[in-house]
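Chemist: here is a sequence together with a model predicted from it:
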Amino acid sequence: MNVKGFSFVYPMLMSLTIFGGSLEFVTVSMLLSSFAPLQTFILTLMIQARHLFYGISMLEKYKNTGWKKIYLIFGMCDESFSINYSTDVPEDVDKGWFMFWVTFLNHMYWFTGSTIGGLVGSLFTFNTEGLSFVMTAMFVVIFLDQWLKEKQHISSLIGVFASLICLMIFGSDNFMIPTMICIIVTLSLLRKPIGDKEDSV
């Protein structure tokens, strides 16, 4: 934002209202381009489509969280999802409040970092080559952690095979959206059988 000539106010306000790192980066170019609401909506949906998958995974966990559910839905980014989904909350800790504070703290870390970056970002320069691999590594760790915790691996295998099939059909540049759709549809159709099988294990 600094390089493009925007005040620190922009990343500060964006980090409060757009809690999605990838989308915030793209928003910079959107603000500099012509007004195109439909194109913006489609691009936003494509970038954040993985949140549909997150949402299905969190349906059970977000039950009975009351008013906190609204903020939990808004704040479900990669990091808050990975922590809230994989953590075994102790019996004596309220799960709703645990997930709320995880989400809130992640949000505030992002807000603080964005604001500081907007204020002093131009003073620092460093090579960020290879930094994007952090996200890949995080998702691999999440997958392996869930694999070890699962009683049966049907849903994980569905994700793996859907990804491989869509990768072969659509190629590496276009497979993400079809994969998400395929996983969502398959898990929705098989939700009861998978749940029954898990209960019986």
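Modeler: That came in fine, so what should we check first?
Chemist: could you list the domains of the protein?
Modeler: Residue ranges for each domain of the chain read 9-149, 150-201, as given by automatic domain parsing.
Chemist: can you redo those domains as JSON lines with distance to residue 1 and mean neighbour count?
Modeler: Every residue, glycine included, has its C-beta placed from N, CA and C. As requested, those are exported to JSON lines (distance: least, Cβ to Cβ, whole Å; neighbours: other Cβ atoms under 10 Å):
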{"stretch": "domain 9-149", "distance to residue 1": "5", "mean neighbour count": "14"}
{"stretch": "domain 150-201", "distance to residue 1": "26", "mean neighbour count": "14"}
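Chemist: for these, which has the smallest mean pLDDT value?
Modeler: By mean pLDDT, the lowest-scoring of these turns out to be domain 150-201, with a mean of 79.
Chemist: ranges for the helices of this protein?
Modeler: Listed in chain order, the helices of the chain (DSSP state H) span residues 9-17, 21-32, 37-47, 50-57, 68-74, 78-86, 95-120, 133-149, 154-170, 176-189, 191-200.
Chemist: these: which one's closest to residue 2?
Modeler: For the helices of the chain, proximity to residue 2 was assessed by Cβ to Cβ; helix 95-120 is nearest, at 6.4 Å.
Chemist: mind giving me the packing neighbours of the closest one?
Modeler: Helices and strands touching helix 95-120, as assessed by 3 or more Cβ pairs under 8 Å, 6 or more residues apart in numbering; DSSP states H and E, comprise helix 9-17, helix 68-74, helix 78-86.
Chemist: how about 10 Å then?
Modeler: With contacts defined as 3 or more Cβ pairs under 10 Å, 6 or more residues apart in numbering; DSSP states H and E, the packing partners of helix 95-120 are helix 9-17, helix 21-32, helix 68-74, helix 78-86.
Chemist: just put the ones you listed in CSV and tack on distance to residue 95.
Modeler: Formatted as CSV, the entries for those read as follows, by distance: least, Cβ to Cβ, whole Å:
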stretch, distance to residue 95
helix 9-17, 25
helix 21-32, 26
helix 68-74, 10
helix 78-86, 9
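Chemist: returning to that earlier point: now render the helices of the chain as CSV, adding distance to residue 3.
Modeler: Supplementary listing: these in CSV, determined by distance: least, Cβ to Cβ, whole Å:
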stretch, distance to residue 3
helix 9-17, 12
helix 21-32, 9
helix 37-47, 21
helix 50-57, 27
helix 68-74, 29
helix 78-86, 25
helix 95-120, 11
helix 133-149, 22
helix 154-170, 34
helix 176-189, 28
helix 191-200, 46
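Chemist: right, and the helices and strands packed on helix 95-120 - which one's nearest residue 171?
Modeler: Here helix 21-32 is closest among these (Cβ to Cβ), at 20.1 Å.
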